[in-house]
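Chemist: Test case, fold it:
(chains A and B)
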There are 2 protein chains.
Amino acid sequence: MLRTRFTDLIGCTVPIHQAGLGSLVNPKLAAAVANAGGQGMVSWNNMPPDVLTAQLAEARRQTQGIIGVNFLVPDLADARDYIAQCVDVAANRANVIDFFWAEPDAQLIERAHAGGTLVCWQVGSLAEAVAAANAGCDFIVVQGIESGGHVRGRVGLLALLDQTLETVDVPVLAAGGIGTGRALAAVLAAGADGARIGTRFVVAEEAEAHPTYVQALIAAEAEDTVYTGAFSVGWPDAPHRCLRSAIEEATAFEGDVVGERFAAHEQKRVPVHRFQSMTATQDTTG
Amino acid sequence: MLRTRFTDLIGCTVPIHQAGLGSLVNPKLAAAVANAGGQGMVSWNNMPPDVLTAQLAEARRQTQGIIGVNFLVPDLADARDYIAQCVDVAANRANVIDFFWAEPDAQLIERAHAGGTLVCWQVGSLAEAVAAANAGCDFIVVQGIESGGHVRGRVGLLALLDQTLETVDVPVLAAGGIGTGRALAAVLAAGADGARIGTRFVVAEEAEAHPTYVQALIAAEAEDTVYTGAFSVGWPDAPHRCLRSAIEEATAFEGDVVGERFAAHEQKRVPVHRFQSMTATQDTTG
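Modeler: Coordinates of the predicted model:
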């Protein structure tokens, strides 16, 4: 058992924290991670409160371990009241609420704390890390530019981790390109209190990723990924890292709608547009 | 004392290998690193054989420690015989010859071995690492995209290090963004046999960097660096990482010649052109 300030704080037996992963996670994956001693994660995905409640109940039926809820919030101004309402639902049922993308927000953190949960914020710079600590977060995740999915980090993980550990007092987790024991050992040796792991869990058999996507990820090396702004439909100005082949295929596609899939926030199947910021779930067709 | 396969192979007491650094190194810096237990490095810089001989003699007067010679060779076809002649000089006087940029070359490695020295090659991909091992290198340096100066790496250091350690049998050093104990601990924990450190030594008082450049480096954070092709005059198509402020100042400069400095390969002062691939040494004016 690897003890860190993170495991002591949150009650895990392994210093591994599952990333949000949007539509690619489900209660089954979160429970599997929690049952293995890490911190599992369910994603809000703009689900209505009753659906989020049901998802967390489903996770709880499968584990007594540590479960978080990821709130990916590109813009708080858009829907502050609705977000706060969903935070209330999560705070009563999860061990931690994890925010990402918007600037750290003391009001939301206080709201989550009032519901009885820990709070973390994933950040991409030292300035944001300091803001998150000052806003009241219990721990922080620093994201390097190596990360898959949406990337807030602009520099290599070790540089950002180093700066942050020298500056803030709360536990700091490291995120970005960590998919092996070697990389986990590296960030722990550098002083991180744990690792946030995303892409590696996308290929877990419990996850919601489409089998073709899983195969492509497993076949890929680091050089097959691209830091890009390509998939901007629905969420512009948000850099992300994806497989180069995804950009090539979207570029070659003629037409607007490439397929369809279930969307959690609408609770129905919706068309997926070319270069839209949506991942390939198991129920995706086209 | 940290023992690794690298320290056992080369005889250092510290798993730190100084990078080449072009005109910013001198025998004094190399000797200081070697006297501290690491592997110091003199750079060939296209110096004529007699000047290289004198530089190595000067380093040897200051240390009995482990000294290497860096051969930055953008294109072997250009000057294979001349390079081989200089390799002979270095091989008789240094503990290791370190090649960078060109594809690993078995003939040159054999030539260096025949002179009685160890050989390493800094590479930027797994394919190059395998080629270097197959060509006969005694150890390999893998360079992540975090690196300062000329950058062969295209992905984050930990990913490349991980792949390489799983694939080749010779010792592997890690290069790129390592300037603190935390980062050194990280790569050693990941399995690296040592670290190649460059920029951190540029700011050492023994180095040849201009004081204004040293101050700018010390003031800079990782976010102040840029991976770019901007300084392409004299060496096109060679990505490098430099301070953003250097690009801004060169962009704002009107005219062609920004100053002058001593050039080792010509053994005289030469003009420095706007966006030329030359660093600011202590004797640089303009």
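
Chemist: show me where the stretch 51-200 of chain A has helices.
Modeler: A:80-91, A:106-114, A:126-134, A:157-165, A:181-190, A:199-202 (DSSP state H, counting those that start in this stretch).

Chemist: for those helices, which one ends up most surrounded?
Modeler: Among the helices of the stretch 51-200 of chain A, helix A:157-165 has the highest mean neighbour count (mean count of other Cβ atoms under 10 Å in any protein chain shown), at a mean of 26. Quick note: C-beta positions are derived from backbone N, CA and C, even for glycine.

Chemist: what does chain A put close to chain B?
Modeler: A:125-126, A:144-146, A:154-163, A:165, A:176-178, A:180, A:182-183, A:185-191, A:221-223, A:225 (Cβ under 8 Å from any Cβ of the partner chain).

Chemist: Off-centre distance for stretch A:7-15?
Modeler: Chain-centre distance of stretch A:7-15: 18 Å, with Cα atoms, centre = their mean, to the nearest Å.

Chemist: Point out where the stretch 1-150 of chain A drops to low pLDDT.
Modeler: Of all residues in the stretch 1-150 of chain A, none has pLDDT under 70.

Chemist: can you pull the contacts of the residue in the stretch 51-200 of chain A that chain B sits nearest to?
Modeler: Distance from chain B to each residue of the stretch 51-200 of chain A (Cβ to the nearest Cβ) is smallest for residue A:189, at 3.3 Å. Applying Cβ atoms under 8 Å, 6 or more residues apart in numbering or on different chains to residue A:189 gives the contacts B:182, B:185, B:186, B:188, B:189, B:190.

Chemist: roughly how far out does stretch A:154-173 sit from the chain middle?
Modeler: 18 Å.

Chemist: er, stretch A:272-286 actually
Modeler: For stretch A:272-286, the distance to the chain centre is 18 Å (Cα atoms, centre = their mean).

Chemist: picking up where we left off before, reformat the contacts of residue A:189 as a markdown table; add distance to residue A:73 and pLDDT.
Modeler: Converted to a markdown table, those look like this (distance: Cβ to Cβ, whole Å; pLDDT from 0 to 100):
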| residue | distance to residue A:73 | pLDDT |
| --- | --- | --- |
| B:182 | 31 | 98 |
| B:185 | 34 | 98 |
| B:186 | 31 | 98 |
| B:188 | 38 | 98 |
| B:189 | 34 | 98 |
| B:190 | 33 | 98 |
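
Chemist: Let me know the closest of those residues to residue B:35.
Modeler: residue B:188 (21.9 Å; Cβ to Cβ).

Chemist: wouldn't that closest one be in contact with residue B:5 here?
Modeler: No. In this structure, residue B:188 is not within contact of residue B:5 by Cβ atoms under 8 Å, at 11.5 Å.

Chemist: where's residue A:227, which helix or strand?
Modeler: strand A:225-228 (DSSP states H and E).

Chemist: could you say what helices and strands that strand packs with?
Modeler: Judged by 3 or more Cβ pairs under 8 Å, 6 or more residues apart in numbering or on different chains; DSSP states H and E, the packing partners of strand A:225-228 are strand A:240-243, helix A:244-252.

Chemist: now, of these, which is deepest in the fold?
Modeler: Buried most deeply of these, by mean count of other Cβ under 10 Å, is strand A:240-243, with a mean of 19.

Chemist: Check chain A for me, the residue farthest from its geometric middle.
Modeler: residue A:254 (31.2 Å; Cα atoms, centre = their mean).

Chemist: ok, that residue - contacts?
Modeler: With Cβ under 8 Å, 6+ apart, residue A:254 has no contacts at all.

Chemist: Could you do residue A:250 as well?
Modeler: When contacts are counted by Cβ under 8 Å, 6+ apart, residue A:250 is found next to A:230, A:231, A:258, A:274, A:275.

Chemist: what two of the residues you listed are the furthest from one another?
Modeler: Using Cβ to Cβ, the pair of these lying farthest apart is A:230 and A:258, separated by 13.4 Å.

Chemist: who's more crowded, the two?
Modeler: residue A:258 (19 against 16; other Cβ atoms under 10 Å in any protein chain shown).

Chemist: quick one, domains of chain A?
Modeler: Domain ranges of chain A: A:5-202, A:211-273, per automatic domain parsing.

Chemist: just these: most buried one?
Modeler: domain A:5-202 (a mean of 21).

Chemist: Tell me how far that one lies from the chain's centre.
Modeler: 6 Å.

Chemist: Now do the end-to-end distance for it.
Modeler: Domain A:5-202 has an end-to-end distance of 26 Å (Cα to Cα, to the nearest Å).
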